[in-house]
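Visitor: all I have is the shape, not the residue letters:
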């Protein structure tokens, strides 16, 4: 029996002719840090707002802690939201903002003050109570928005791209703080973002969405290493795709014919093991090992010519031109030493090798 | 791009602005000028300073009655049209309304109709349904005229503030009504004050609708209109005009001071 | 669970859900007081006006049968049409002058003033806090036979006899109205100038245009919505104005508004007045549509 705090059951929503969310059905577990990830317009924010109650589903039902929410307005739901613009009340100070939702809580003045101080400590802004809203920086506003929601001890905290407006260093710092905060207080976080690195950093599980549909739900590691569709494999990180067809099955290995690689043997996977089946052979750029002399191996090797490269400081990207393939193959190497970074002479012959478990097999329609 | 120029080397635009402002102010400034002039005739040369026209103005019961009527109507109209304008502004800026353009256009029709057409249409309708003409009918007509202005002022104030603020209040547990009082109202307050002042002024100064739709109770503009026919009454009327001018100036300055104390918002029109 | 109770609560639930989920429904219910007031106060009276134009006046009563006589009267007597056309000409001239004079002022505040723009806007609107009647009257004082201009020039010795052409003609009406509408014209133009993204102007300069051409090719087209709004705001009400013509227009400055007013006053023929109003409104609407169509074509051509 799962401990689902939010359950989406066939949820759908359209705006005019556009289907914003299409048949979303999945559960979010209590205490998870769950992210909705996807490009602009994929429906993730709409889904979030339906949990908050600002949009009402046209189809299906949303259950929060076992209770259906369709007739419950936003102010009566046991969830609270951190808005993308933070929505800090400009006419109240920090204390006034944080205390805003506690008016009906029945706490005495002293108790409320103490709670506010505790929460100010939690968000690392002690003593900021009497600051005016206009005096806060972007990062500080974000924390106040968090505090304002958390003080109500919601069952789920909803976050709508809260880090988008921050600069890179601050964003990375806040990501770590958010993760620690969530683990410390144990509340379920439902987080919306278009930044896949952010999702990978923060989440226990990620739902990848595209054009209203939930494409896949998995942990960051599973999503990255074993995506189940081409869309997800392409969306998360970078991926090299080789068009291929299964030619033979030999026990737990299958023989495939892949453009650019030739014939090779890879691990057999469920549902993709019939001869003649069309597949993608997918390999991440960092899984390649480049060698400059012919290794004379048939398996897990491809041959090509070194093309343009990009130096990124900590790593280098190389493009390798391969026969029978229009797009060059992308190779990513850590610059462990200066020599690797300097290794940029185009038109050299180069061979790329990889291990068995580096290959992802995906269906091709 | 900012060059500091000495004031006597102002560019063409500044010169134009000064001339234009002079054009606007000059006729208006003659009113107070001649209200202190010790002569029954409004002509140069000036004949000495006097306050007797002001005395005459204060001691005229007809004028005071008309003034009171205008104030009563003005306050009522200001409040009612601001409320209507606020509801409309909230509906238009916070909700997706199909047919929003035509509806807004319809509400703004009084702005672009000649007042006389509006006046006679209302006159016909009201007399046909046997409602007596009174200050109430005047007030109603003023409300129609002022609501679009109120709506415009409030829309510009409401567009400038983040929709998420109200959603955040709801999210944190407040009812819709309390959200209005605790969040919307304080932030929109300068707009509400501006709307009240604007609509009061429009109603206070409005002549055509009042002329057609009142019976025996005159508003101030009606009193002024009837006084203009009598040359002896004119200087006192000028005194009245000058007084209204000064009072309006004071009131507007106050509202601007009040507005500055309000919360700063993003606004694309600089207002 | 008691079946009827659960059925009741589920009906209530369904209604609540329907209301909550329909954003247009919630929006329109908020808008309804305003909308209903305007329907009663605007749409109905105008319909009644239209209807009355088909009745006839019989001393103090109406003959409530359908008749087109009022309209045939209007077109039969050339004076009505002539005055209507004259009113439109005067209004057109007033609009042109007012907008042309207002534009540089609006431009000045939008582009040349860096701080305290609002103070300037208030400075412009303050004169309009005086009574409209008195402002018109002030012009009568200024332009009259024994008025300010004449007595001033006389006491300065510049003229010996007062100038007679200043007052009681269409020109006086035009000047007075241009003065009266100044603020109404400046504000919409200012708002649309202020909204222009300054980086567009910088881009034009960067691409090689001088200041004047940047104005013609970028600023002016982008400020068109404000200019159009100002024009409509001045033109349409001016056509129906009767206060100004009656104070400073004299016999030659009579406008259609005076005719309509007399129909509801001394001449006492309400249905005819209604018919004249309807014809005037339709004419004005046609002109406005022509104007909007023309500016639309012009924008296409220049773009």
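Guide: In hand now; what should we look at? Every value quoted in this text rests on a predicted model; they were computed, and no experiment measured them.
Visitor: for the rest of this, base every contact and every neighbour count on C-alpha atoms.
Guide: OK.
Visitor: and the residue of the stretch 101-250 of chain B found nearest chain A, helix, strand or coil?
Guide: Chain A sits closest to residue B:173 of the stretch 101-250 of chain B, with a gap of 4.0 Å, by Cα to the nearest Cα. For residue B:173, the assignment made with DSSP: H, G, I helix; E, B strand; the rest coil gives coil.
Visitor: any figure for the gap between it and chain C?
Guide: Per Cα to the nearest Cα, to the nearest Å, residue B:173 is found 16 Å from chain C.
Visitor: find the nearest non-adjacent residue to that residue, please.
Guide: Using Cα to Cα, 6 or more residues apart in numbering or on different chains and skipping the chain neighbours, the partner closest in space to residue B:173 is residue A:75 (4.0 Å).
Visitor: I'd assumed that neighbour was in a helix, is it?
Guide: Yes: using three-state DSSP, the assignment for residue A:75 is a helix.
Visitor: contacting residues for it?
Guide: Residues in contact with residue A:75 (Cα atoms under 8 Å, 6 or more residues apart in numbering or on different chains) are B:170, B:171, B:172, B:173, B:174, B:175.
Visitor: please produce a PyMOL select command covering the buried subset of these.
Guide: Typed into PyMOL, the line below selects the buried ones among the contacts of residue A:75, using 16 or more other Cα atoms under 10 Å in any protein chain shown:
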select buried, chain B and resi 170+171+172+173+174
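Visitor: tally of neighbours for the residue in the stretch 201-350 of chain A that chain B sits nearest to?
Guide: Nearest residue of the stretch 201-350 of chain A to chain B: residue A:212, at 20.8 Å (Cα to the nearest Cα). By the criterion of other Cα atoms under 10 Å in any protein chain shown, residue A:212 has 23 neighbours.
Visitor: next, count neighbours for the closest residue to it other than its chain neighbours.
Guide: Nearest residue to residue A:212, sequence neighbours excluded (Cα to Cα, 6+ apart): residue A:21, at 4.0 Å. Applying other Cα under 10 Å, we find 28 residues neighbouring residue A:21.
Visitor: who's in contact with the residue of the stretch 201-350 of chain A closest to chain B?
Guide: Per Cα under 8 Å, 6+ apart, neighbours of residue A:212: A:19, A:20, A:21, A:22, A:41, A:42, A:43, A:44.
Visitor: with pLDDT added, can I get the contacts of residue A:75 in JSON lines?
Guide: As requested, the contacts of residue A:75 are arranged in JSON lines below (pLDDT from 0 to 100):
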{"residue": "B:170", "pLDDT": "92"}
{"residue": "B:171", "pLDDT": "92"}
{"residue": "B:172", "pLDDT": "92"}
{"residue": "B:173", "pLDDT": "90"}
{"residue": "B:174", "pLDDT": "91"}
{"residue": "B:175", "pLDDT": "90"}
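Visitor: which of the contacts of residue A:75 sits closest to residue C:121?
Guide: Minimum distance to residue C:121 across the contacts of residue A:75 is 37.3 Å, recorded for residue B:170 (Cα to Cα).
Visitor: list the contacts for the closest one?
Guide: The contact partners of residue B:170, by Cα under 8 Å, 6+ apart, come to A:74, A:75, B:176, B:179.
Visitor: could you measure from the first one over to residue A:96?
Guide: Right, the one you point to is residue A:74. Residue A:74 sits 21 Å away from residue A:96, going by Cα to Cα, to the nearest Å.
Visitor: those two: who's more crowded?
Guide: Neighbours per residue (other Cα under 10 Å) separate residue A:74 from residue A:96, with residue A:74 holding more: 26 against 19.
Visitor: surely the more buried one meets residue A:55?
Guide: No: look at residue A:74 against residue A:55 with Cα atoms under 8 Å: they stay out of range, at 9.2 Å.
Visitor: what's the helix or strand for the residue positioned nearest the centre of chain A?
Guide: Most central in chain A under Cα atoms, centre = their mean is residue A:199, positioned 3.1 Å from the mean C-alpha point. Assigned by DSSP states H and E, residue A:199 belongs to helix A:196-202.
Visitor: buried ones in that helix?
Guide: Buried residues in helix A:196-202, defined by neighbour count with 16+ other Cα under 10 Å: A:196, A:198, A:199, A:200, A:202.
Visitor: what does stretch A:302-309 give?
Guide: Buried-residue list, stretch A:302-309, by 16+ other Cα under 10 Å: A:302, A:303, A:304, A:305, A:306, A:307, A:309.
Visitor: show me the contacts for the third one.
Guide: Listed by Cα under 8 Å, 6+ apart, the contact partners of residue A:304 are A:320, A:321, A:322, A:323, A:349, A:350, A:351, A:352.
Visitor: spell out which residues of the stretch 101-250 of chain B are next to chain C.
Guide: Selection of the stretch 101-250 of chain B residues close to chain C by Cα under 8 Å from any Cα of the partner chain yields B:107, B:110-118, B:120-122, B:124-125, B:141, B:144, B:201, B:205-207, B:221, B:224-225, B:238, B:241-242, B:244-245, B:248-249.
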